[in-house]
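# quick one, what's the 3D model for this:
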Amino acid sequence: MTLEEIAKKIVAKGKGILAADESTGTMEKRLKSVNVNSTPENRLNFRETLFSSEAMKNNIGGVILFEETLKQKSSKGISIPELIMESNSIPGIKVDKGAKTLAGSPDEKITEGLDGLRERLNEYYKLGARFTKWRAVYTISNKYPSAQAIKSNAHALARYAALAQEAKMVPIVEPEVLMEGDHDINKCYEITTNVLNECYNELETHRVSLKGTILKPNMILPGSGCKEKSNSQEIAKKTMECLKKNVPSNVTGIAFLSGGQSEKEATKNLNEINKINDTKFLISFSYGRALQQSALKVWSKNMNDTKLVHSVFNHRAQMNGLSSKAEWSENLEKEFAA
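This next block holds a predicted model:
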């Protein structure tokens with residue numbers, strides 16, 4: 001398969017990405033929140049439960065893994081990438097080493113992980129990964145993000161993407177403008193515009209083939225501390241406007257991150273965006289918490305009740321699958337939940 005074909009398969013209509021690439025530290029917090037010890041066995045148990053669900057065949061085109069999981073074996077004795085491929089889904093891998101303090105601007109972050117990346121990518125490919133992910137984060141305040149943060153993170157994202165394509169893997173480019181702050185929706189639009197512009201300038205400079213990439217952006221939302229809330233229609237309108245203005249038309253897919261949204265908000269907003277999507281972009285989801293949270297709560301109460309965990313996860317994945325086709329509605333949630 002070409003990189004473009006892989007990208008198209010990951011975000012095919014009705015499908016999206018399960019982001020299961022939480023680092024050990026993040027996973028520890030998630031499991032602690034439901035009173036479960038974060039051991040390699042428990043982390044694998046939960047993830048394998050999701051990976052063996054019906055949703056994997058119907059609504060999950062790709063799964064982003066953490067390095068630990070990529071190298072683990074399932075209870076069936078096969079590798080986790082093989083388990084994912086059994087459902088005709090594509091295994092991927094988070095390759096960055098996390099956001100660290102930016103020298104010269106200590107309140108901001110730069111994503112690290114370029115050292116030794118070429119060698120790691122070759123290893124991940126042999127283990128079965130066919131796409132990759134790298135995340136940059138930007139905070140909005142009166143002073144930030146600085147030009148330094150925008151430029152240095154875009155440069156790192158582009159270098160990563162070029163290396164991923166060299167290793168025959170699709171790079172997911174994730175420049176996340178964080179929801180934290182009291183900024184309004186217009187400020188989010190302005191900053192996201194600046195961030196996307198710089199990212200695509202650098203991707204072009206580094207000769208990255210945009211057809212073989214997926215963008216994982218934030219939606220255009222007011223800050224979590226903003227007093228002026230926005231409805232789904234306004235969020236969709238601003239988001240589509242921002243994408244059309246700043247993302248080159250030859251980018252194959254756009255898979256939104258959920259950020260600080262609840263499960264239902266993330267589904268509803270994606271549905272509204274797809275209702276007005278008049279572009280060639282395949283617009284879908286790349287959700288972590290917004291796909292897993294309800295399933296995690298059920299799993300934590302009885303790890304052996306696979307059937308119940310599957311039904312909860314299948315439902316959430318199905319709702320997002322419908323949103324990727326603009327076919328979701330509130331009453332489908334209520335019907336199923338009842």
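# all helices of the stretch 51-200 of the chain, in order?
55-58, 67-70, 80-86, 117-126, 147-166, 185-205 (DSSP state H, counting those that start in this stretch).
# now those in a markdown table, with mean pLDDT?
What follows is those, written out as a markdown table (pLDDT from 0 to 100):
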| stretch | mean pLDDT |
| --- | --- |
| helix 55-58 | 97 |
| helix 67-70 | 95 |
| helix 80-86 | 97 |
| helix 117-126 | 98 |
| helix 147-166 | 98 |
| helix 185-205 | 98 |
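# can you redo those as JSON lines with distance to residue 109 and mean neighbour count?
Just so you know, the C-beta spots here come from the backbone N, C-alpha and C atoms, and that holds for glycine as well. Putting the helices of the stretch 51-200 of the chain into JSON lines (distance: least, C-beta to C-beta, whole Å; neighbours: other C-beta atoms under 10 Å) gives the following:
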{"stretch": "helix 55-58", "distance to residue 109": "33", "mean neighbour count": "19"}
{"stretch": "helix 67-70", "distance to residue 109": "20", "mean neighbour count": "20"}
{"stretch": "helix 80-86", "distance to residue 109": "29", "mean neighbour count": "21"}
{"stretch": "helix 117-126", "distance to residue 109": "18", "mean neighbour count": "16"}
{"stretch": "helix 147-166", "distance to residue 109": "7", "mean neighbour count": "21"}
{"stretch": "helix 185-205", "distance to residue 109": "13", "mean neighbour count": "19"}
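# turn those helices into CSV, columns for distance to residue 252.
Listed next are those as CSV, based on distance: least, C-beta to C-beta, whole Å:
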stretch, distance to residue 252
helix 55-58, 21
helix 67-70, 23
helix 80-86, 20
helix 117-126, 20
helix 147-166, 13
helix 185-205, 13
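# phi, psi for residue 33 please.
phi -60, psi -20 (degrees, to the nearest 10).
# so where do the strands sit in the chain?
16-20, 60-65, 90-94, 99-102, 105-111, 131-138, 170-177, 214-215, 253-256, 282-287 (DSSP state E).
# for residue 229, which of those is the nearest?
strand 170-177 (17.9 Å; C-beta to C-beta).
# one step back: for residue 26, find the nearest of the helices of the stretch 51-200 of the chain.
Of the helices of the stretch 51-200 of the chain, nearest to residue 26 by C-beta to C-beta is helix 67-70, at 12.0 Å.
# for that closest one, packing partners?
Contacts defined by 3 or more C-beta pairs under 8 Å, 6 or more residues apart in numbering; DSSP states H and E place helix 67-70 against helix 40-51, helix 80-86, strand 90-94.
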